[in-house]
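S.K.: need a 3D model of the sequence below.
(2 chains)
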Amino acid sequence: MGTLLTRPRWSPFLVGACIGALSWITFGLMGKALGTSTTFVTVVASLQSFIAPEHVTATPYLAKHTKIDWQFMLVIGIFIGALLSAVLARSYKVERVPDLWAWRFGPSKAKRYLAAFLGGILVLFGARLADGCTSGHGISGGLQFAVSSWVFFASFFLTGLATALVLFGKEGRKHVNV
Amino acid sequence: MLTFDPWNMLLLGLATGLVFGFLLQRGGVTKYQIIVGQFLWANHTVLRTMLTAIVVGSAGVLAMHQLWDVKLHLKEATLWGNILGGGLFGVGMVVLGYCPGTGIGAIADGSRHAIWGVLGMLVGAAGYAEAESWIRANILAAWTRGKVTIAQEVYVSPWFLVIGLAIVAGLVFWWLRGKDVPRTTA
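M.R.: The predicted structure follows:
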């Protein structure tokens, strides 16, 4: 057990099976489906409720997301759990510009941070438009065989493949350094 | 204005997140190059993890649903939203290198650029909230099938899908075995 807790990388099959079993607990014990991206709306709506409460009241999508709920705590838990895992395995590593990115776009931090910021906007806008992300649709919806989730899965996988090809080309495969 | 879930739900959420975050980091999917590597078809950790999670999760959740009436949580099929949203998500996920959950985990794992990604996500969330009324009326309402499963849409037993996916996943894993691009220096 001690060796498993400190081993830096677990098999994807073991990790996947554990995530699947975790979904039994959220569905069976909590009566919930595991998800993440709604919490980003909760954070935004909660902050705005202090600065501009009347705007929150007037915007239905903000008004219905002012509850600090179980999923908000789940996202905090993800941070703590990942940190705990990295510390136990001694695999915490500062990364500013990933090797693959640096190979293609150079070592500029500003460029990488700007791209990450713009990518983040697309990720969350897309997740909210689709009503879920890789957790809520990908895992929780996928395992229920929801039509919405498998359509989302197919769509994001296709545009992801195309984007990777456009950004890094076929040559990029040789520069994935993991 | 702010309201809170009962404390036991908050604690359960925290505990679930803790396990989830631990698994994401240990599985390597809090690493930029593991995620982008999947879309470059160079590393298949993401696909192996997700397919295994779905197969294992589906069998258990379906069994609990049928035996003990455990509730399902289906999201409505607002198909233009699922297609367009998924499309934007895929582009963003490769440009950023993370999805929302793995982005949070990546910050805890030392990724500094993920901090900018998460800030972008907050901006994306705020932007969507402003546009939501229009999007709901014009995009989401345009093509909806309700809260349906594939099993309902094609009239098969859900167990057919669970077992079918397990077989497909097994074949995919077999096909992808040894296909990860070996460690190189960039």
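
S.K.: for residue A:20, give its distance to chain B.
M.R.: Distance of residue A:20 to chain B, computed by C-beta to the nearest C-beta, to the nearest Å: 3 Å. Placement of C-beta: from N, CA and C, glycine included.

S.K.: contacting residues around the closest residue in space to that residue that isn't next to it in sequence?
M.R.: Leaving aside its sequence neighbours, residue A:20 sits nearest to residue B:56 (C-beta to C-beta, 6 or more residues apart in numbering or on different chains; 2.8 Å). Counting by C-beta atoms under 8 Å, 6 or more residues apart in numbering or on different chains, residue B:56 makes contact with A:16, A:17, A:19, A:20, A:21.

S.K.: also residue B:115?
M.R.: residue B:107.

S.K.: which strand or helix spans it?
M.R.: helix B:113-135 (DSSP states H and E).

S.K.: next: residue B:55.
M.R.: Short version, using DSSP H and E: residue B:55 is in helix B:45-68.

S.K.: and that helix, what's its mean pLDDT?
M.R.: Regarding helix B:45-68, the rounded mean pLDDT is 97.

S.K.: neighbours of residue 130, how many?
M.R.: Here I'm looking at chain A. For residue A:130, the count of nearby residues is 32 (other C-beta atoms under 10 Å in any protein chain shown).

S.K.: that's the wrong chain, I meant chain B
M.R.: Residues near residue B:130, counting by other C-beta under 10 Å, number 13.

S.K.: my guess is it meets residue A:56, correct?
M.R.: No. In this structure, residue B:130 is not within contact of residue A:56 by C-beta atoms under 8 Å, at 11.6 Å.

S.K.: quick one: least confident helix or strand in chain A?
M.R.: helix A:2-6 (a mean of 83; mean pLDDT, DSSP states H and E).

S.K.: residue contacts, residue B:47?
M.R.: Counted by C-beta under 8 Å, 6+ apart, residue B:47 has contacts B:38, B:172, B:176.

S.K.: give me the below-cutoff pLDDT ranges for the chain.
M.R.: No chain in the question, so chain A it is. Applying pLDDT under 70 to chain A flags residues A:1-2.

S.K.: right idea, wrong chain: chain B
M.R.: In chain B (pLDDT under 70), the answer is B:183-186.

S.K.: just to revisit the earlier point, next structured bit after the helix holding residue B:55?
M.R.: Counting by DSSP H and E, what follows helix B:45-68 is strand B:77-78.

S.K.: partner strands of that following strand, with direction?
M.R.: strand B:144-146 (antiparallel) (DSSP bridges).

S.K.: what's the offset of the partner strand from the middle of its chain?
M.R.: 21 Å (C-alpha atoms, centre = their mean, to the nearest Å).

S.K.: which residues does residue 86 contact?
M.R.: Picking chain A for this. A:92, B:25, B:108, B:109, B:110.

S.K.: hmm, I had chain B in mind actually
M.R.: Residues in contact with residue B:86 (C-beta under 8 Å, 6+ apart) are A:126, A:130, A:137, A:151, A:152, A:153, A:154, A:155, A:156, A:159.

S.K.: any of the contacts of residue B:47 buried? List them.
M.R.: Among these, the ones that count as buried by 16 or more other C-beta atoms under 10 Å in any protein chain shown are residue B:38.

S.K.: in terms of distance to residue B:120, which of the contacts of residue B:47 ranks first?
M.R.: residue B:38 (20.7 Å; C-beta to C-beta).

S.K.: which residues in chain A form strands?
M.R.: Taking DSSP state E as the test, the strands found in chain A are A:67-68.

S.K.: since we're on residue 44, how many residues are nearby?
M.R.: In the absence of a named chain, this looks at chain A. Residue A:44 - counted by other C-beta under 10 Å - has 24 other residues nearby.

S.K.: chain B was what I was after
M.R.: 21.
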